[in-house]
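[1] need the 3D shape of this:
(chains A and B)
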Amino acid sequence: QKEVEQNSGPLSVPEGAIASLNCTYSDRGSQSFFWYRQYSGKSPELIMFIYSNGDKEDGRFTAQLNKASQYVSLLIRDSQPSDSATYLCAVKRDFGNEKLTFGTGTRLTIIP
Amino acid sequence: EAQVTQNPRYLITVTGKKLTVTCSQNMNHEYMSWYRQDPGLGLRQIYYSMNVEVTDKGDVPEGYKVSRKEKRNFPLILESPSPNQTSLYFCASSLGLGGYQHTQYFGPGTRLTVL
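    A predicted model of the protein is given here:
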């Protein structure tokens, strides 16, 4: 079992719709969860982080965390063509460990 | 401007020819890390450093060396590159221990091809 799993996609969503990206993790000691966006050939850039159960909203983005189910998701509202990218889920184990473990990413395509 | 820089951005080399990829950050970050990214495998950590003179292996350290003599620099050394080290390499840095929200900021990447 992979430590961090994501559906590789591609996920195609019409412009203006909600894109839903999912991530599961195996280590129950994981404490912090990050979503990065990566355009082709570019470096990952941070979109959001979350460490408490529930929802966290930032503009068009909402991260959702359910530690009991070991599940974290990212919702993108009003999807735009510029949202087309690969989205990486990353997990940090605990307060004293900076290591990030990444999923393989979900490729998202927004269809105009 | 706060940033992580890497050089070179692109490199084609031959098997066995030693090379160094430099990484520098201007954010006074304590933690620095090297990743490689391969299709279907995602980002995998090669080495990391918690502070000056403190380095440790990540998940895929074989064939690589690092050093951290100054806080801002964290070079990646391939003593004898092989074709299976052809990959996209990223350097990253973060503030260090002390908070759930401390995340890593990535350099622009170095695309390495070993023939």
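
[2] partners of the lowest-mean-pLDDT helix or strand in chain A, with directions?
    Lowest mean confidence among the helices and strands of chain A (mean pLDDT, DSSP states H and E): strand A:100-102, at a mean of 89. Partners of strand A:100-102 in the sheet, by DSSP bridges, are strand A:85-92 (antiparallel).

[3] in chain A, which spans are strands?
    A:4-6, A:11-14, A:19-25, A:32-38, A:45-50, A:54-58, A:61-66, A:71-76, A:85-92, A:100-102, A:106-111 (DSSP state E).

[4] could you do chain B as well?
    Using DSSP E, strands in chain B cover B:4-7, B:10-13, B:19-25, B:31-38, B:42-51, B:54-57, B:65-66, B:76-78, B:87-94, B:105-106, B:110-114.

[5] so for B:D59, which of the strands of chain A sits nearest?
    When the strands of chain A are compared by CB to CB, strand A:100-102 sits nearest B:D59, at 8.4 Å. Glycine gets a C-beta too; all of them are placed from N, C-alpha and C.

[6] how distant is the closest one from the center of its chain?
    In terms of CA atoms, centre = their mean, to the nearest Å, the centre of strand A:100-102 is found 12 Å from the chain centre.

[7] likewise for stretch B:32-40?
    Computed by CA atoms, centre = their mean, the chain-centroid distance of stretch B:32-40 equals 8 Å.

[8] how about it, does it reach chain A?
    Yes. Stretch B:32-40 is in contact with chain A by CB under 8 Å from any CB of the partner chain, via B:33, B:40.

[9] just the residues contacting that stretch, thanks.
    By CB atoms under 8 Å, 6 or more residues apart in numbering or on different chains, the residues outside stretch B:32-40 that reach it are A:8, A:98-100, A:104, B:23, B:25, B:43-49, B:58, B:60, B:64, B:66, B:68, B:74, B:76, B:85, B:87-93, B:104, B:109.

[10] go again using 7 Å as the cut-off
    Contacts to stretch B:32-40, defined as CB atoms under 7 Å, 6 or more residues apart in numbering or on different chains, come from residues A:104, B:23, B:25, B:43-49, B:60, B:66, B:68, B:74, B:76, B:87-93, B:104.

[11] just stretch A:6-19 next, same as before
    Applying CB under 7 Å, 6+ apart, the set of residues contacting stretch A:6-19 is A:22-23, A:75-81, A:83, A:89, A:103-112.

[12] what about burial for those, which qualify?
    Taking 16 or more other CB atoms under 10 Å in any protein chain shown as the criterion, what is buried in the contacts of stretch A:6-19 is A:22-23, A:75-76, A:79, A:83, A:89, A:103-108, A:110.
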